[in-house]
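Participant: okay, here's the prediction I keep looking at, along with the sequence it came from:
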Amino acid sequence: MTPLRPTLLAVAHGTRDAQGVAVVEALVGRVRALRPELRVERCFLDLVAPALPAALARLAGDVVLVPLLLGAGYHLRVDIPAALAGAPRVNARVARALGPHPLLADALADRLADAGWRPARGPVVLAAAGSTDPAANADAAAVAALLHRRLPGAPRVVPAYLCAAGPTPAAAVAALRAEGHHRVTVAPYLLGPGFFARRAAGAGACRTSAPLGAHDALARLVALRYDEASGRALRA
């Protein structure tokens, strides 16, 4: 008899924005469709129910936590381990953060194309949330490098941060304009709409693409992180 596979528990940040919550639900729905053999649950680190401790209390046995976080940082280092310490009924493994990974560059490139960006339309500012953790900001810079290589014509891609680090997207846009770039596009490196997405849209660029959203590449990346953490061979 084939043993039951570990539950996939997707752990999102949480937001007061209803559209942001809807993006998480849609992404988890895509993961379920991609991996119908798995039990896939979701929870949130803040602001939205179910919270991570409550979700863990409803589970038992083998669980793989997949953080829906774009980079390493405080939540991955502190909040998730603290919640697991209070969940003795689960045998848990924690996957890596989603980024950096080329699949994120694929999704960002699609969002830029949807917004009308073309190779002749100048540089891109990658607007990440930002963190006091240098490792998280370095992850965003690594994705900027991946996006530079992924986009047609390999345009300049400048990482910027919406809080806790610099440059801000507005400062990055202004610096590029001072260098003579009249067309600058902001690409929000964010999962869904909300406060940070609105701030990115106000950075003064010619155009701003949509957040990553429930892109198929993200669903595949969530499944990939699950497979890595559970120790099984990756699917094609």
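Facilitator: Happy to help now that I have it.

Participant: alpha carbons only for contacts and neighbour counts from here, please
Facilitator: Noted.

Participant: give me the element the spatially most central residue of the chain is part of.
Facilitator: Nearest to the geometric centre of the chain sits residue 70, at 3.4 Å (Cα atoms, centre = their mean). Counting by DSSP states H and E, there is no helix or strand that carries residue 70.

Participant: not counting the helix or strand of the chain at the bottom of the mean pLDDT ranking itself, show me its contacts.
Facilitator: Within the chain, no helix or strand scores below helix 74, which has a mean of 77 by mean pLDDT, DSSP states H and E. Helix 74 is contacted from outside by residue 133, using Cα atoms under 8 Å, 6 or more residues apart in numbering.

Participant: repeat for stretch 196-206
Facilitator: Here stretch 196-206 makes contact (Cα under 8 Å, 6+ apart) with 127, 129, 162, 169-170, 173, 183-186, 188, 190, 208, 211.

Participant: quick one: the strands in this structure?
Facilitator: With DSSP state E, the ranges of strands along the chain come out as 7-12, 40-44, 61-67, 90-94, 124-128, 157-161, 185-189, 207-208.

Participant: can you give the distance from the fifth one to the centre of its chain?
Facilitator: How far strand 124-128 lies from its chain's middle: 14 Å, per Cα atoms, centre = their mean, to the nearest Å.

Participant: same question, the second one
Facilitator: Taking Cα atoms, centre = their mean, one finds the center of strand 40-44 at 15 Å from the center of the full chain.

Participant: tell me which other helices or strands it touches.
Facilitator: Identification of packing neighbours for strand 40-44 by 3 or more Cα pairs under 8 Å, 6 or more residues apart in numbering; DSSP states H and E yields strand 7-12, helix 18-34, helix 52-57.

Participant: ok, now with 7 Å
Facilitator: Applying 3 or more Cα pairs under 7 Å, 6 or more residues apart in numbering; DSSP states H and E, we find strand 40-44 packed against strand 7-12, helix 52-57.
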